Every structure is written in C-alpha cells, then in structure tokens.
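*Asks:* predicted model and sequence below, questions to follow.
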Amino acid sequence: MMVHIDVGTVLRGTVCDLYSNLVTRPTGAAVRSAIEQQVGEIGQPVLTTIDFSQVNLLDFSCADEIVAKLLLQYTADDGPRGYLAFRGIHDGHIDPIETVLERHALALVSWHEGTAELFGHVTDEELRHWEVVRDHGPLGAREVATLLAVTETSARIQLDQLDRRRLVMRSDLGYAIPGSEGGLA
C-alpha cells in the first residue's frame, strides 16, 4: 500500500487555512502529529510519500520536527516497518533539511522530476551502492557486486544497511529505491 501526504494540506488543516510556511517548533510538531495520525488511521503503509510541494518556507525547527523525527521513527528497530520517500523539496528547503539530517546522521530519498536524489549523511560506499540501485534497479546483491566490482557479501552488507536506513527497499525483485517502479512507485 502507498500513501501520499501533502504537507501543505496538512499544515493548512492543522494551523491556518491560508498558511504555507513551516516555521516554529510547535507548528512542526503539530504537522508531524497530524501526519502520524493520518498514517496510523490507514495502517502501516509500505511506502509513505511526504510531499513538500506546497510549502514555501521551512525553518530548521520544523525540518527537525517533521523530517528528522519521522525518519528517526522509521529507522528505529521498534518503529514502523514502512518506507518514506519525499517529494517537492526545493532549494529553500535543502539547507534546513540537510542540517538536521547531518545532526542526526540520517539520510532521505527525495524525488524531483522523476529522478531520485539522496540527501543527508551517507558514507561513500553507501552512496555508490545506492546510485547503482537507483540507476539500474531493482537489482540483487550479485548484480550490484558485479557492477561495482566488489564481493557479493560486501554488496549485501551495504544493501542491507541501506535497507535498515530505509534508503532502498528489498523485495522479490531485488533492491529498489523507495518510490521507483520496483519500489512501489
């Protein structure tokens, strides 16, 4: 199951009908709570897309409350088992989002015009493996290993780490980017 959540709509329904700026920690906490409630009512979807397209301004405290805290829940061992993908992140959102991702050692997958991008804290090896899956996936560990000229064991370790971090999805087809054709687009 896939769920699309428009943060601008959640913001207007939670704070003010004419408001499109995410500023102040209480605003971010209210929006995050509304998102959590919405997802909770649906059940645990396999993929939840968080869409910032209708948000003009995003400050650091709201990025922390919404982006970081949602990602921390999804990457926790006892957290929801689904995946998050982001859409609508524009240049004005990147600095606060990347700052909170680095602070919490998190990363996220964002889609822009049909292309997945990776933001946040990742190692060079994680990035190399993620890019191969993005560019050629869905793929199994053996195919990734061949493309990167590494051992299959090494590739599987990196891919499993990316899966734990919710940056790739593992399925019967192999590893795919959340929100891609093989990752429940």
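*Replies:* Good, I have the coordinates.
*Asks:* need the mean per-residue confidence for the host helix or strand of Ile5.
*Replies:* Using DSSP states H and E, the element containing Ile5 is strand 2-6. Averaged across strand 2-6, pLDDT comes to 89.
*Asks:* ok, residues contacting it?
*Replies:* Strand 2-6 has contacts (Cβ atoms under 8 Å, 6 or more residues apart in numbering) with 35, 38-39, 42, 45-51, 53-54, 184. Glycine gets a C-beta too; all of them are placed from N, C-alpha and C.
*Asks:* among these, which are in strands?
*Replies:* Secondary structure from DSSP state E places Leu47, Thr48, Thr49, Ile50, Asp51 of these in strands.
*Asks:* tell me where this structure has strands.
*Replies:* So, for the chain - with DSSP E - the strands run 2-6, 21-22, 47-51, 57-58, 83-87, 107-112, 115-120, 169-171, 174-176.
*Asks:* is it possible to export these to CSV including mean neighbour count and distance to Thr151?
*Replies:* Formatted as CSV, the strands of the chain follow (neighbours: other Cβ atoms under 10 Å; distance: least, Cβ to Cβ, whole Å):
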stretch, mean neighbour count, distance to Thr151
strand 2-6, 17, 34
strand 21-22, 21, 44
strand 47-51, 22, 30
strand 57-58, 18, 41
strand 83-87, 23, 27
strand 107-112, 21, 24
strand 115-120, 17, 23
strand 169-171, 19, 19
strand 174-176, 23, 16
